[in-house]
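K.L.:
I would like the atomic coordinates for the input below:
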Amino acid sequence: MRARNKSLDAIIDKEDKHAHQSGDALMNITEKDVAYVAALAHLDLTPGEQSRMLRDLDSILGFIDSLNELDTKDVPPMSQVSAANGEPASTLREDSLRPCLSHEAALQNSPQPDANFFKVPKVIER
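P.N.:
Next comes the predicted model:
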């Protein structure tokens, strides 16, 4: 297990103590929110699972909100994490044109090709 930053531990401890106080700026997840997200993900949650998901999502969003307390005034903004060392070219390949498959070659292994598209069975039924 990695050692955590002491200031991060303090925020986590503070979050644990204050997670469900009514005056916090935390976003409270409702059962309706959990049901909506579950429906979008095509999940059938039992009442126990829905209750646990409500608690877990509320805790996750509370922790994310607590990150706003970190002092980041001396941290320069980054457009890409891999550019942290100042050399983005060391992790990214250079863009270059490459030949791609022809339309016919892409469709040749399709079990049911159409003139222009792959034909696939319907996956999601509601």
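
K.L.:
from here on, just use CA atoms for contacts and neighbour counts.
P.N.:
Will do.

K.L.:
buried stuff in stretch 107-122?
P.N.:
residue 107 (16 or more other C-alpha atoms under 10 Å).

K.L.:
pLDDT averaged over that stretch, what's the number?
P.N.:
Averaging pLDDT along stretch 107-122 gives 82.

K.L.:
ends of it, what's the gap?
P.N.:
Taking C-alpha to C-alpha, to the nearest Å, stretch 107-122 runs 19 Å from one end to the other.

K.L.:
which strand or helix spans residue 39?
P.N.:
Taking DSSP states H and E as the definition, residue 39 sits inside helix 31-40.

K.L.:
put the alpha carbons of that helix into CSV.
P.N.:
Provided in CSV are the C-alpha atoms of helix 31-40 (Å, rounded to 0.1, in the frame of the first residue of the first chain):
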residue,chain,number,x,y,z
GLU,A,31,-32.6,7.4,-4.6
LYS,A,32,-34.1,8.9,-7.7
ASP,A,33,-30.6,9.7,-9.0
VAL,A,34,-29.4,6.1,-8.4
ALA,A,35,-32.5,4.7,-10.1
TYR,A,36,-31.9,7.0,-13.1
VAL,A,37,-28.2,6.0,-13.5
ALA,A,38,-29.1,2.3,-13.0
ALA,A,39,-31.7,2.6,-15.7
LEU,A,40,-29.2,4.3,-18.1
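
K.L.:
which secondary structure elements does it sit against?
P.N.:
Packing partners of helix 31-40 (3 or more C-alpha pairs under 8 Å, 6 or more residues apart in numbering; DSSP states H and E): helix 47-66.
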